[in-house]
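**Q** Return a 3D structure for these sequence lines:
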Amino acid sequence: MSYLVLARKYRPQRFQEIIGQEHIVTTLKNALKSGKIWHAYIFSGTRGTGKTSTARIFAKAVNCLSPTADFEPCNKCKNCIEITQGDSLDVIEIDAASNRGIDEIRSLRESVKYVPVSCKYKVYIIDEAHQITEAAFNAFLKTLEEPPSYVIFILATTEFNALPTTIVSRCQVFQFRPITKNIIFDRLKFVVSQEGKTDKITDDALQLIADTASGSVRDALSLLDQILALTEIHSKVDSKLLRQIWGFTPNEVLEKYVELILNSEIKPILDFVEEIYTSGIDFIQLSKDLLEFFHKLLYLKSTNKVETTYNLEKFKDKFSTTHIIAYIQQLLQLVNEIKYTEFPKLVFEIYSVKLTKQYLEINEIIKNLGMYEEKQKIEKETDNIKTISEEKLKKEQVLTEKTQQTQTTEDKSIESVWEEILEKIRLEKPLSYPILMQSKLCFYDDTLRLFLPNKYVKTMIEQHNLNLEKILENKLNKKVKVIYDVLPKENIVLGEDQPPPNIPEGVKPIIIQPKKPKITPEIEKFCKAFSGKIISSQNDKN
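**A** As a prediction, this is how the structure comes out:
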């Protein structure tokens with residue numbers, strides 16, 4: 001019997017054997033459990049993530065004659081065995097890379113008319129579906145949207161964005177994730193144990209395979225196949241041997257190169273590049289390995305934990321994060337540029353000089369930045385002292401101005417409040433309004449003293465129940481005592497500058513003079529002719 005490669009030998013045959021795609025397995029099992037099976041699916045993802053394997057297992061699950069309690073295919077019935085061996089007439093796998101034209105799609109449209117031979121569903125697995133031409137996709141639309149009830153289409157693709165939206169909108173889409181390195185490593189350990197080679201292959205070799213596989217289980221198993229052949233001639237296969245066989249740069253070369261960058265001397269590093277050239281190391285692979293080296297160093301610097309075959313601990317404290325990021329940016333440009341040049345050695349030498357000078361430049365920048373920050377700190381402290389002094393002086397000036405303006409502001413406030421009270425009394429107590437309007441008042445120590453012309457008027461005002469204390473409390477938000485007083489006969493005419501009587505000594509009251517009515521010359525002549533007196537005018541109310 002011919003040798004069966006590991007990727008086919010250990011291909012999943014049940015849902016539970018699919019690794020790294022639990023979200024898809026759960027969804028498909030729930031669809032089988034509820035009986036809500038769609039007519040078209042799209043399985044999208046990078047190579048080696050299980051798209052075609054999942055499609056085959058799903059084809060077995062929907063056609064299995066005796067599925068398990070958790071809706072796994074039994075792999076024992078006639079349908080399961082035929083599908084596993086690829087002999088089933090009802091599960092058709094089509095390679096769209098070689099069957100991409102409109103003629104092939106027409107043939108497919110004709111074949112879906114025929115009912116399944118032995119299975120419940122006729123399943124079409126179309127691999128590399130993005131290779132189908134636009135005209136063929138257009139011819140496929142109607143069939144994909146409304147196929148016969150016994151037909152299921154599964155389109156597998158590595159380029160989901162290349163599929164027309166008209167196709168995507170007619171299918172259920174499942175995104176297959178790249179498999180993590182830890183999961184691939186565990187799978188490799190399982191396969192090695194099954195093959196009886198546990199003592200022949202070291203864990204660091206398996207870790208290197210997992211790193212190299214780039215999320216593809218198929219790639220990892222293919223590399224493992226190569227390593228198993230080495231176990232026939234080597235007692236132990238480790239990562240160092242693998243790096244040598246696969247053409248990777250030896251760790252010693254990478255570490256010496258990085259140390260020369262740290263020394264910041266151009267001649268030694270150019271001499272070392274010449275040694276690398278004569279030893280036959282590929283500069284393209286060396287550029288990629290250097291990029292991976294600094295990538296791992298960045299992880300170690302940031303997280304203090306990384307799985308790698310490089311000896312990074314001795315470089316961890318010699319490079320700052322700024323250095324590492326700058327080198328990664330330069331190496332990305334190098335890897336992109338060196339692939340397309342006819343002079344890889346020259347390009348590598350140029351970038352080696354750049355990396356050496358860049359280490360010095362970054363150190364100088366960091367040093368200057370530290371000096372600049374120290375200078376800024378001193379200037380900031382000086383500015384703060386100056387600002388505090390200016391603010392203190394300004395506060396003192398403002399306090400003085402406020403003190404000077406307080407009395408004037410309070411005068412204006414009391415006067416405006418009194419005008420509002422007069423207007424309120426004019427509307428509610430019109431008989432009291434003329435008396436209060438012609439009265440003089442003094443405000444001091446939360447006391448309002450109202451001077452009336454005689455005792456009779458005082459008695460009358462007190463009987464009017466004006467509630468001035470309550471009104472003032474609402475207006476000024478504080479309790480104010482109201483005192484009705486009578487001017488002595490000798491002070492009936494009280495000048496504006498003359499202090500009012502009965503005011504405590506040492507108190508400077510706020511004095512509000514009676515409001516003089518605004519009258520026109522014509523009205524004044526009229527009053528004189530009839531010996532009248534103006535109490536208030538309409539102009540005062542407007």
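**Q** what's the distance between E232 and I209?
**A** Applying Cβ to Cβ, to the nearest Å, the value for E232 to I209 is 18 Å. (C-beta placed from N, C-alpha, C; glycine too.)
**Q** Give me the mean pLDDT for the helix or strand hosting K60.
**A** Counting by DSSP states H and E, the element that carries K60 is helix 51-63. The pLDDT scores in helix 51-63 average 94.
**Q** For it, give me every contacting residue.
**A** 11-15, 18, 21, 24-25, 28, 32, 37, 41, 43-45, 67, 71-73, 75, 79-80, 83-84, 90-91, 93, 119-121, 123, 125, 127, 152, 154, 156-157, 176 (Cβ atoms under 8 Å, 6 or more residues apart in numbering).
**Q** Show me what the helix or strand encompassing Y124 is packed against.
**A** Assigned by DSSP H and E, Y124 belongs to strand 122-127. Under the contact criterion of 3 or more Cβ pairs under 8 Å, 6 or more residues apart in numbering; DSSP states H and E, strand 122-127 touches helix 51-63, strand 91-95, strand 151-157.
**Q** Please repeat the previous calculation with a cut-off of 10 Å.
**A** For strand 122-127, the elements it packs on are strand 40-45, helix 51-63, strand 91-95, helix 102-111, helix 134-145, strand 151-157, judged by 3 or more Cβ pairs under 10 Å, 6 or more residues apart in numbering; DSSP states H and E.
**Q** That one pairs with which strands, and in what direction?
**A** strand 91-95 (parallel), strand 151-157 (parallel) (DSSP bridges).
**Q** Between helix 134-145 and it, find me the angle.
**A** On the basis of axes from the mean of the first three to the mean of the last three Cα atoms, to 10 degrees, strand 122-127 is oriented at 150 degrees to helix 134-145.
**Q** tell me the mean pLDDT for strand 122-127?
**A** Averaging pLDDT along strand 122-127 yields 94.
**Q** returning to what we had before: adding distance to Y3, write the helices and strands packed on strand 122-127 out as a markdown table.
**A** Listed next are the helices and strands packed on strand 122-127 as a markdown table, based on distance: least, Cβ to Cβ, whole Å:
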| stretch | distance to Y3 |
| --- | --- |
| strand 40-45 | 28 |
| helix 51-63 | 20 |
| strand 91-95 | 23 |
| helix 102-111 | 33 |
| helix 134-145 | 37 |
| strand 151-157 | 26 |
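**Q** Select, out of these, the one closest to R243.
**A** Among those, the nearest to R243 by Cβ to Cβ is strand 40-45 (28.9 Å).
**Q** Please name the strands paired to the closest one in the sheet, noting orientation.
**A** If you go by DSSP bridges, strand 40-45 pairs up with strand 151-157 (parallel), strand 172-176 (parallel).
**Q** which stretch among those comes nearest R109?
**A** R109 sits nearest to strand 151-157 of all the strands paired with strand 40-45, at 10.8 Å, using Cβ to Cβ.
**Q** and N30, which of the three is it?
**A** Classification of N30 using DSSP: H, G, I helix; E, B strand; the rest coil returns helix.
**Q** What angle do helix 102-111 and the strand holding Y124 make with each other?
**A** Going by the same axes, to 10 degrees, strand 122-127 makes 160 degrees with helix 102-111.
**Q** Just the angle for strand 122-127 relative to helix 51-63, thanks.
**A** 180 degrees.
**Q** where in the stretch 401-542 of the chain is pLDDT low?
**A** 401-412, 488-502, 505-507, 515-542 (pLDDT under 70).
**Q** Any buried residues in stretch 163-172, and which?
**A** For stretch 163-172, the buried set under the neighbour-count rule, 16 or more other Cβ atoms under 10 Å, comprises L163, I167, R170, C171, Q172.
**Q** And stretch 274-285, by the same measure?
**A** Applying 16+ other Cβ under 10 Å to stretch 274-285 flags I276, I281, F283, I284 as buried.
**Q** Mind checking what secondary structure the nearest residue to L223 once chain neighbours are set aside has?
**A** Excluding its sequence neighbours, the residue lying closest to L223 (Cβ to Cβ, 6 or more residues apart in numbering) is I209, at 4.9 Å. At I209, secondary structure determined by three-state DSSP is helix.
**Q** Help me confirm that I209 comes into contact with L228.
**A** No. If you go by Cβ atoms under 10 Å, I209 and L228 don't touch, sitting 11.3 Å apart.
**Q** Which residue of those two possesses the greater neighbour count?
**A** Neighbours were counted for I209 and for L228 using other Cβ atoms under 10 Å; I209 has more, 25 against 17.
**Q** who touches the more buried one in this structure?
**A** Going by Cβ atoms under 10 Å, 6 or more residues apart in numbering, I209 touches 181, 184-185, 188, 201, 219-224, 226-227, 239, 242, 246.
**Q** and those residues, which of them are in helices?
**A** 181, 184-185, 188, 219-224, 226-227, 239, 242 (DSSP state H).
**Q** to the chain's geometric centre, what's the distance from the helix or strand hosting I328?
**A** Using DSSP H and E, I328 maps to helix 321-338. Taking Cα atoms, centre = their mean, to the nearest Å, one finds helix 321-338 lying 26 Å from the centre of the chain it belongs to.
**Q** Report the residue ranges of every domain in this structure.
**A** Using automatic domain parsing, the domains assigned to the chain come out as 6-177, 182-245, 251-364, 429-515.
**Q** Would you reformat the ones you listed as TSV and include distance to E420?
**A** Formatted as TSV, those follow (distance: least, Cβ to Cβ, whole Å):
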stretch	distance to E420
domain 6-177	72
domain 182-245	81
domain 251-364	69
domain 429-515	7
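**Q** Nearest approach to K380 belongs to which of the ones you listed?
**A** domain 251-364 (23.9 Å).
**Q** of all the helices and strands packed on strand 122-127, which lies closest to L6?
**A** Smallest distance to L6 across the helices and strands packed on strand 122-127 (Cβ to Cβ): 13.8 Å, for helix 51-63.
**Q** which stretch of helix or strand covers the most centrally placed residue in the chain?
**A** With distances taken as Cα atoms, centre = their mean, the residue of the chain nearest its centroid is S302 (19.8 Å). Following DSSP H and E, one finds S302 within helix 283-303.
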